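Chemist: can't give you the sequence, but here's the structure:
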């Protein structure tokens, strides 16, 4: 959400999409998408101001505008909390878990997550994806 807010703030300064995409290191199409969505929904904010809605309500409207829409496909089977706990295992020393190794692998992290009851089952590939995430 932070990058979306930065897009809108830079757009409000009349910065072009190419410059915003370079500054934020994101695709120009992404800048265009969020700038367009903000523009298309600006009437909601104008109405909110005219109705003297509270700052809290206006903030809710902004969050609604800048939130992701439902995406097609299979929903995630892991909760954000589970993902954070699994990534947390990678930050621990394996020997603290009684393992005779000095470095984690995606396989051993998956096994440890199952052993701790964080998840019933997880593949090493899923663990690898979580470890590559830039934001959790």
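Modeler: Structure received. Everything numeric here is computed off the predicted structure, so don't read it as measured data.
Chemist: this protein: helices as residue ranges?
Modeler: According to DSSP state H, the chain carries its helices in the segments 2-12, 17-24, 28-50, 55-66, 80-90, 106-115, 124-132.
Chemist: and among the ones you listed, the most buried is which?
Modeler: Mean neighbour count (mean count of other Cβ atoms under 10 Å) peaks for helix 106-115 among those, with a mean of 18. C-betas here are computed from N, CA, C, even on glycine.
Chemist: thinking again about what came up before, to residue 100, which of the helices of the chain lies closest?
Modeler: Of all the helices of the chain, helix 106-115 sits nearest to residue 100, with 10.6 Å by Cβ to Cβ.
Chemist: please parse the chain into its domains.
Modeler: The chain breaks down by automatic domain parsing into domains covering 2-66, 80-132.
Chemist: how long is the shortest one end to end?
Modeler: Read that as domain 80-132. 15 Å (Cα to Cα, to the nearest Å).
Chemist: for residue 123, see how far away the closest residue to residue 11 other than its chain neighbours is.
Modeler: Distances taken as Cβ to Cβ, 6 or more residues apart in numbering place residue 35 nearest to residue 11, at 4.8 Å, with adjacent residues excluded. Between residue 35 and residue 123 the computed distance is 38 Å (Cβ to Cβ, to the nearest Å).
Chemist: pretty sure residue 89 sits against residue 110.
Modeler: No. Shown here, residue 89 and residue 110 do not form a contact pair, counting by Cβ atoms under 8 Å, at 9.3 Å.
Chemist: returning to what we had before: closest one to residue 99 among the helices of the chain?
Modeler: helix 106-115 (6.7 Å).
Chemist: tell me the angle that closest one makes with helix 80-90.
Modeler: Counting by axes from the mean of the first three to the mean of the last three Cα atoms, to 10 degrees, helix 106-115 lies at 120 degrees to helix 80-90.
Chemist: show me how far helix 106-115 is from its chain's centre.
Modeler: 24 Å (Cα atoms, centre = their mean, to the nearest Å).
Chemist: give the other helices and strands that it contacts.
Modeler: helix 80-90, helix 124-132 (3 or more Cβ pairs under 8 Å, 6 or more residues apart in numbering; DSSP states H and E).
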